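Participant: Sequence first, then the predicted structure:
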Amino acid sequence: MQKSILILGACGQIGTELTYALREKHGNEVVIASDIREGNEDLMNSGPFELLDATDYNALEEVVAYYEISEVYLMAAMLSATAEKFPMRAWNLNMNSLFNVLNLAKEKKIDKIFWPSSIAVFGPNTPADHTPQNTIMEPSTVYGISKQSGERWCNYYHQKFGVDVRSIRYPGLISHKTMPGGGTTDYAVEIYHKALSEGSYTCFLKKDTRLPMMFMDDAIRATLLLMRSKPENIKIRSSYNLAAMSFTPEEIAKSIKAWIPDFKISYKPDFRQEIADSWPSSIDDSQAQKDWGWQSNFDLEKTTKEMLSNLKE
Ligand SMILES: NC(=O)c1ccc[n+]([C@@H]2O[C@H](COP(=O)([O-])OP(=O)(O)OC[C@H]3O[C@@H](n4cnc5c(N)ncnc54)[C@H](O)[C@@H]3O)[C@@H](O)[C@H]2O)c1
């Protein structure tokens, strides 16, 4: 019998599309979506769903046993901007959910884990251009501290207990199926919605703030590629750098203007500017290219075309 896959936090920006992709690949019935809240109608109707709190070990263990889960994708977390407002809640959610899945694997109740990290693990002292895989990491945000600690624990569980945990440091993700959930790069999704609905957008970052970004299709493809790679090819058990493109608010606005010439952007930086200023502007992902053959497909022009044409429908 084919073992099943469990997604925790399946109703979020990444979880939703990851659920669709895994269901398409493995079949609807063996991919169990779960979250503390219900998701959109398409997701809820596409296969099994469980209301599940990822910080509740006993409830998680029960679902894992019931569905004979072998692989867990842990997408539940509190993101960067929200975490600055609720530091202890963010720490508890981000760390306890991770310990729960790591301990399930340590006890041989599941075989494999995917856990996402973020470019937020880097900090103001990290070289900002082409940030290397191994470099200074002194995160200055609650979210970044939790992700960096998480990376160290993943590596520790792999070294000490042989846990097969795999991870990617996602850049800011751009998608049209689900709205983003409280991150610092959310502007790069909101801007397309506002461009179509209002013809203008007020950006919460300065016009020249360059950040690493990726279109969701690339992020999902990278995730599946990493999870299907042979264990001996996975040389990094903390988390892999991953890159596709880097741009500023001014540059994304210019790419939108190529389709909507009257589009107007203005800038009103808020507390998220400080978070963005502490992050890299571009990422060196040569290790992911070398170890498991990573190559991105979407640049800014292609992303803008996809976003505007899909959101128009
Ligand atoms: N979206 C990005 O740009 C980005 C970038 C880097 C890393 N990441 C990481 O990827 C992961 C998923 O991010 P996302 O953008 O989809 O986030 P999101 O906020 O859109 O979704 C998170 C989901 O987790 C759920 N959740 C919250 N608490 C829960 C709990 N106790 N139990 C179960 N579910 C719970 C929420 O209801 C939500 O549906 C996170 O770990 C995030 O840090 C995201």
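Facilitator: That came through, no problem.
Participant: Go through stretch 120-138 and flag the buried ones.
Facilitator: Neighbour-count burial for stretch 120-138 flags Ala120, Val121, Phe122, Gly123, Thr126, Thr131, Gln133, Met137 (criterion: 16 or more other C-beta atoms under 10 Å). In this view, the C-beta of every residue, glycine as well, is placed from N, C-alpha and C.
Participant: what does stretch 38-57 give?
Facilitator: Quick answer for stretch 38-57 (16+ other C-beta under 10 Å): Gly39, Leu43, Ser46, Gly47, Phe49, Glu50, Leu52, Asp53, Ala54, Thr55, Tyr57.
Participant: Check stretch 6-13 too.
Facilitator: By neighbour count with 16+ other C-beta under 10 Å, stretch 6-13 contains the buried residues Leu6, Ile7, Leu8, Gly9, Ala10, Cys11, Gly12, Gln13.
Participant: hmm, who's touching that stretch?
Facilitator: 15-16, 18-19, 22, 31-35, 37-40, 43, 49, 52, 54, 60, 63-64, 67, 69, 71-77, 97, 101, 173, 175, 178-181, 216 (C-beta atoms under 8 Å, 6 or more residues apart in numbering).
Participant: Within range of the ligand, give me the residues from this structure.
Facilitator: Contact residues (C-beta under 6 Å from any ligand atom) of the chain with the ligand: 8-9, 11-15, 35-37, 53-55, 75-77, 79, 93, 116, 118, 170, 172-173, 180-183, 185.
Participant: try 5 Å
Facilitator: Contacts of the chain with the ligand, taken as C-beta under 5 Å from any ligand atom, map to 9, 11-14, 35-37, 53-55, 75-77, 116, 118, 170, 172-173, 181, 183.
Participant: Keep only those of those residues that are in strands.
Facilitator: Asp35, Ser118, Tyr170, Gly172, Leu173 (DSSP state E).
Participant: Now the two most distant members of these.
Facilitator: The largest separation in those, counting by C-beta to C-beta, is between Asp35 and Gly172 at 21.7 Å.
Participant: Save the buried residues of stretch 6-13 as a markdown table, and put in pLDDT too.
Facilitator: Formatted as a markdown table, those follow (pLDDT from 0 to 100):
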| residue | pLDDT |
| --- | --- |
| Leu6 | 98 |
| Ile7 | 98 |
| Leu8 | 98 |
| Gly9 | 98 |
| Ala10 | 98 |
| Cys11 | 97 |
| Gly12 | 97 |
| Gln13 | 96 |
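Participant: Filter the contacts of stretch 6-13 down to the buried ones and hand me the ChimeraX line.
Facilitator: In ChimeraX syntax, the buried subset of the contacts of stretch 6-13 is picked out as below (16+ other C-beta under 10 Å):
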select :15,16,18,19,22,31,32,33,34,35,39,43,49,52,54,60,63,64,67,69,71,72,73,74,75,76,77,97,101,173,175,178,180,181,216
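Participant: got a list of what the closest residue to Cys154 other than its chain neighbours touches?
Facilitator: Closest residue to Cys154 apart from its sequence neighbours, by C-beta to C-beta, 6 or more residues apart in numbering: Val165 at 4.6 Å. Contacts for Val165 were tallied using C-beta under 8 Å, 6+ apart; they are Leu102, Ala105, Lys112, Ile113, Phe114, Trp115, Cys154, Tyr157, His158, Arg237.
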